[in-house]
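K.L.:
sequence and predicted model, in that order:
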Amino acid sequence: MKKLKKYEKTYLAAALDSEGWMSWSISPSRHKYPQIQFCNTNLDFVKKVANLLDSTNFSERNRKGSLGKKTCYCVSLNKGKEVLNLLKQIEPYLIVKKERANLLLSILRKRFKNGKKK
């Protein structure tokens, strides 16, 4: 991930605070990995976030059986170093999810101490 400009950091922090989530996910093979995801029904918003993140991990969710429901678009980061890099850059600008970001950061810093995965 590229080094973000201040306006990009604040935009992504606001997007994560309002339309995003972060957690640990578990793969079918029981591998745990960090994940940050931004979802919204506005495709232009999600494309802008994807562009800022240099992410191609883009998905579309149609809500089956829900008459009148809009399609939800999502972009996600699910590689440890990408999540670590993003959180290090936007953490000072987070408000709502600052505590959770700091928890995830502390875990990821231990995992990638000295640039190497433990």
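P.N.:
Nice, thanks for sending it over.
K.L.:
give me the buried positions along the lowest-mean-pLDDT helix or strand in the chain.
P.N.:
None of the helices or strands of the chain scores lower by mean pLDDT, DSSP states H and E than strand 58-61, at a mean of 84. For strand 58-61, the neighbour count (16 or more other CB atoms under 10 Å) marks no residue as buried. From N, CA and C alone the C-beta is placed, and that goes for glycine too.
K.L.:
how far is that strand from where the chain is centred?
P.N.:
Taking CA atoms, centre = their mean, to the nearest Å, the mean C-alpha location of strand 58-61 is offset from the chain mean by 14 Å.
K.L.:
packing partners of that strand?
P.N.:
Judged by 3 or more CB pairs under 8 Å, 6 or more residues apart in numbering; DSSP states H and E, strand 58-61 is in contact with strand 72-77.
K.L.:
just the angle between the helix or strand following the strand it packs on and strand 72-77, please?
P.N.:
Next along the chain after strand 72-77, taking DSSP states H and E as the criterion, comes helix 80-90. In terms of direction (axes from the mean of the first three to the mean of the last three CA atoms, to 10 degrees), helix 80-90 departs from strand 72-77 by 100 degrees.
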